[in-house]
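Trainee: When you get a sec, could you give me coordinates for this:
(chains A and B)
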2 protein chains.
Amino acid sequence: MNIGANLGNLQRINLEIDLWNNMKAVRIINKKLVIEETEKPIPKDDEVLIKVKAAGLNRADIAQKNGLYPPPPGASEILGLECSGIIEAVGTKVTSKKPGDEVIALLAGGGYAEYVACPEFHAIKKPISIDWFDAASIPEVYATCWLNLFIEASMQAGDKVVFHAGASGIGTAGVQLAKAFGCESFVSAGSKEKIDFCLNLGASSGEIRSEDIFTKIQAWAPQGVDIILDPVGANYFEKNLSVLGMEGRLVIIGLMGGAQSNINLGHLMIKRQRVIGSTIRARSKEIKNEVMKALEDKVLPLFDSGVLKPIVHQVLPLSDCTKAHEIMESNENIGKIILNLE
Amino acid sequence: MNIGANLGNLQRINLEIDLWNNMKAVRIINKKLVIEETEKPIPKDDEVLIKVKAAGLNRADIAQKNGLYPPPPGASEILGLECSGIIEAVGTKVTSKKPGDEVIALLAGGGYAEYVACPEFHAIKKPISIDWFDAASIPEVYATCWLNLFIEASMQAGDKVVFHAGASGIGTAGVQLAKAFGCESFVSAGSKEKIDFCLNLGASSGEIRSEDIFTKIQAWAPQGVDIILDPVGANYFEKNLSVLGMEGRLVIIGLMGGAQSNINLGHLMIKRQRVIGSTIRARSKEIKNEVMKALEDKVLPLFDSGVLKPIVHQVLPLSDCTKAHEIMESNENIGKIILNLE
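Mentor: Predicted coordinates:
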């Protein structure tokens, strides 16, 4: 018996399993992005494993790269909050998906990789009429908009809504959603080109970012607006409240302009306003299930019917992930930046 | 024909109609309460006219007396936000009430008077087991608690709730409601006697008002509380937010400690907290309908079953309305002060 030959076979098989179980993924080393081989994730009982076709960039990725936004407990250390792809395998308790299904998915992390695992209901059926890159631009911004506009701020037809950073991924999604659901929207953005882009998407009015923006909002909505979706925070806080009308809702989703502000509780009380702090990534699996179900039922059909359009600024190969981050950091993009993993 | 005699009869009839149409009511003259004869209100098509048996005092009455809280447009200038009484007449479109019905009512004003008119659905059936004075103590505080705890702050069984001014009308109602609906409550109040009273009503813990109260709340609820119902405002604002847990709701219902504060939007966002400004008096007829329906269906039966107890500090005749205000202004009362109009 040739024991040596058998051991050689076993080693070869182990090596092959190792190769099968490995994948390319983006890791953060000293605040830089590095592509490395790492282990493929193993889906839990209630998870699906997705072969990633494309992954969307989000501003939170930059904060995470810089050490300012650690992943929530249990989430992948790999960057990436959304992807499109094909189901490769499913956990033992998964009932809604099967290998081969084409999906888009909201992720707590792990999208900048060849494979990612996520709870089955966080992956929903990809709209058939759009490609993998456009598809990857949808989950995070539409989930964020749905959660904050419809669930947190109870948006209803007829509401007047302000989107600061109107040409961002969230802004371009929000303007389109507001229009599709019978609401009027106003935007601020960094350039005339971005404002024009938002107006073409359906915003009623827009103004280049300056002190003047709040005077303009007051003129556009003399009775006050109903909802403000705000990634700025402190710098805009008191002025946001001053242009918010009776029972208006200010949803804070970012702090690009700082965290520490003043507040007049008298105005807040008499106007019965709400200030709502909101993030999506660390939410419970259940609320994400609810949001993704709403997207699948009420939003994705609007892509196939042409009411909503994915707004993709640029698609870059995974190997250009550092350049992709630089584009986002320069604030030059209108809409989403996408990594190609095909 | 004796024209003179006929004119005399007509004058007498007019005088009698005048007397029938008059009533005693409390008016505000130079920030003092004065009882005067005034015209009985005429119910509109969708209103009921109530012969008032008893009227509850509220802290807002003091603000209104001092010129700091004018009645909302269309509301009576007469003080009084709640009463018990008997339906005397109904408007042409009223379907839910008839003369003779015994009711309690939430009012936008007008309760310190022999008669008051209000929308039909703001008056609900008086619990049969309690007297007119106890009944008059219910509408404003229970409507305020229902609106703010269940509608604004989405209170659910298991929630931990803080009531500042726990021995106030709203506090004593809130502590009992929280217990009845499976929640735990913590109170602050001005004396040991008041704290003990709240503990007897079902509060889990309480502490005399001081800087120390927030250290105590932190110890009682190390993971943070879910809801704070706060009549204090600025003085407590930042500390309230610091003891509020993940997805906690701070409902501002008063400004006894000022209006101008600081806010850290970073904590608000990461903890996904909400700050909600709330008043009840100027709300729409529809939301008040919804609140009073909920009280009638879900809360008033708990008075008849003995789960909830009206907390009345003192009943005074209408002629002692000034003294009644002095008792409230001294903050000595535990529970409600009631005016007797029988």
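Trainee: Which parts of the stretch 1-150 of chain A are helices?
Mentor: A:3-21, A:59-65, A:132-136, A:139-145 (DSSP state H, counting those that start in this stretch).
Trainee: What's opposite the nearest residue to A:P99 once chain neighbours are set aside in the beta bridge?
Mentor: Among residues not flanking A:P99 along the chain, A:I87 sits closest, at 5.3 Å (C-beta to C-beta, 6 or more residues apart in numbering or on different chains). For the C-beta atoms, the positions are set from N, CA and C on the backbone; glycine is no exception. Note on A:I87: beta-bridge partners A:I50, judged by DSSP bridges.
Trainee: what comes up buried for stretch A:175-187?
Mentor: Neighbour-count burial for stretch A:175-187 flags A:175-179, A:181, A:183-187 (criterion: 16 or more other C-beta atoms under 10 Å in any protein chain shown).
Trainee: what's near enough to touch the closest residue to chain B within the stretch 101-250 of chain A?
Mentor: Residue of the stretch 101-250 of chain A nearest chain B, by C-beta to the nearest C-beta: A:G233 (4.8 Å). Counting by C-beta atoms under 8 Å, 6 or more residues apart in numbering or on different chains, A:G233 touches A:252, A:254-259, A:261, B:265-266, B:269.
Trainee: picking that back up, in TSV: the buried residues of stretch A:175-187, plus pLDDT and distance to chain B.
Mentor: As requested, these are exported to TSV (pLDDT from 0 to 100; distance: C-beta to the nearest C-beta, whole Å):
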residue	pLDDT	distance to chain B
A:V175	98	22
A:Q176	98	24
A:L177	98	21
A:A178	98	22
A:K179	98	27
A:F181	98	22
A:C183	98	20
A:E184	98	22
A:S185	98	22
A:F186	98	21
A:V187	98	21
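Trainee: closest to A:K216 among those?
Mentor: A:F186 (7.9 Å; C-beta to C-beta).
Trainee: how near is that closest one to A:C145?
Mentor: Using C-beta to C-beta, to the nearest Å, A:F186 is found at 15 Å from A:C145.
Trainee: what does A:A75 give?
Mentor: Taking C-beta to C-beta, one finds A:A75 at 22 Å from A:C145.
Trainee: Settle it for me: which of those two has more neighbours?
Mentor: Neighbour tally, A:A75 and A:C145, criterion other C-beta atoms under 10 Å in any protein chain shown: the higher count belongs to A:C145, 28 against 16.
Trainee: so what's the more buried one scoring on pLDDT?
Mentor: Looking at A:C145, its pLDDT is 98.
Trainee: could you check whether stretch A:278-297 is close to chain B?
Mentor: Yes. Contact of stretch A:278-297 with chain B is found when judged by C-beta under 8 Å from any C-beta of the partner chain, involving A:278-279, A:283.
Trainee: Can you dump the C-alpha atoms of that stretch in PDB for me?
Mentor: Extracted as PDB, the C-alpha positions of stretch A:278-297 are listed here (Å, rounded to 0.1, in the frame of the first residue of the first chain):
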ATOM      1  CA  SER A 278     -31.800  57.200  12.300                       C
ATOM      2  CA  THR A 279     -29.300  54.700  10.900                       C
ATOM      3  CA  ILE A 280     -30.200  51.600   9.000                       C
ATOM      4  CA  ARG A 281     -27.100  49.300   9.300                       C
ATOM      5  CA  ALA A 282     -27.500  48.300  12.900                       C
ATOM      6  CA  ARG A 283     -31.200  47.800  12.800                       C
ATOM      7  CA  SER A 284     -32.800  44.500  13.700                       C
ATOM      8  CA  LYS A 285     -33.200  41.800  11.100                       C
ATOM      9  CA  GLU A 286     -37.000  42.100  11.500                       C
ATOM     10  CA  ILE A 287     -37.200  45.800  10.500                       C
ATOM     11  CA  LYS A 288     -34.900  45.100   7.600                       C
ATOM     12  CA  ASN A 289     -37.100  42.300   6.500                       C
ATOM     13  CA  GLU A 290     -40.100  44.700   6.600                       C
ATOM     14  CA  VAL A 291     -38.200  47.300   4.600                       C
ATOM     15  CA  MET A 292     -37.000  44.900   1.900                       C
ATOM     16  CA  LYS A 293     -40.500  43.400   1.600                       C
ATOM     17  CA  ALA A 294     -41.900  46.900   1.000                       C
ATOM     18  CA  LEU A 295     -39.200  47.500  -1.600                       C
ATOM     19  CA  GLU A 296     -40.000  44.200  -3.300                       C
ATOM     20  CA  ASP A 297     -43.700  44.800  -3.300                       C
END
